[in-house]
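> A structural model of the following input is requested.
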Amino acid sequence: MSSSNSSTELSKWRTRVAAERTLLAWVRSTLTLLQVGIVTAHISKLFVHRFPGAHQAVDLELLNVLGLLSIVIALILLALALCQYKISTGSLRRLDYAWLPGEPIELASTLSVTIYGLVAVGTLLSKLW
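Next up, the predicted model:
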């Protein structure tokens, strides 16, 4: 095995391991967002059960919608992360290896979390005024 070939294989291995670390970080982040969504969706049931008059002070439907929105965003981001992982590791198997940029997943995830945050802040501020 030549020196350049072993160096290429080593760089492919490092790239694959980096892609796996990135995927695991996405899984951890989406699991956290998924847990937030589940807790937010179920907190309305807790309020109604524990405090019968809570539905007047807290918009329970809003909590359900925000919880479901968190869950949907987490699942979409997880699917995007898996697609990005498949693309990066798939390109490593080709003989004419070419690095593919990952801007689409970064842009999609940033926009989705930003939109979710703006919707959450907007709905909470509308309840205050």
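> ok, for Ile43, nearest residue in space, not its chain neighbours?
Spatially, and ignoring its direct neighbours in sequence, Ile43 is nearest to Leu63 (5.9 Å; CB to CB, 6 or more residues apart in numbering). C-beta coordinates here come from the backbone N, C-alpha and C atoms, glycine included.
> likewise for Leu23?
Tyr85 is the one closest to Leu23 (CB to CB, 6+ apart), at 4.5 Å.
> what's the burial count for that neighbour?
19 (other CB atoms under 10 Å).
> let me see the contact set for Arg27.
Small correction: residue 27 is Val, not Arg. Leu78, Ala81 (CB atoms under 8 Å, 6 or more residues apart in numbering).
> now do the same for it: helix, strand or coil?
With DSSP: H, G, I helix; E, B strand; the rest coil as the basis, Val27 sits in helix.
> in this protein, which helix or strand is least confident?
Between all helices and strands in the chain, the lowest mean by mean pLDDT, DSSP states H and E belongs to helix 54-57, at a mean of 62.
> my read: the residue nearest to Leu23 touches Thr22, true?
Yes - between Tyr85 and Thr22 there is a contact under CB atoms under 8 Å: 7.4 Å.
> report the distance from stretch 68-83 to the chain centre.
Chain-centre distance of stretch 68-83: 5 Å, with CA atoms, centre = their mean, to the nearest Å.
> and the contacts of it?
For stretch 68-83, using CB under 8 Å, 6+ apart, the contacting residues are 22-23, 26-27, 29-31, 33-34, 36-38, 40-41, 105, 108-109, 112-113, 116, 119.
> fine by me, we can end here.
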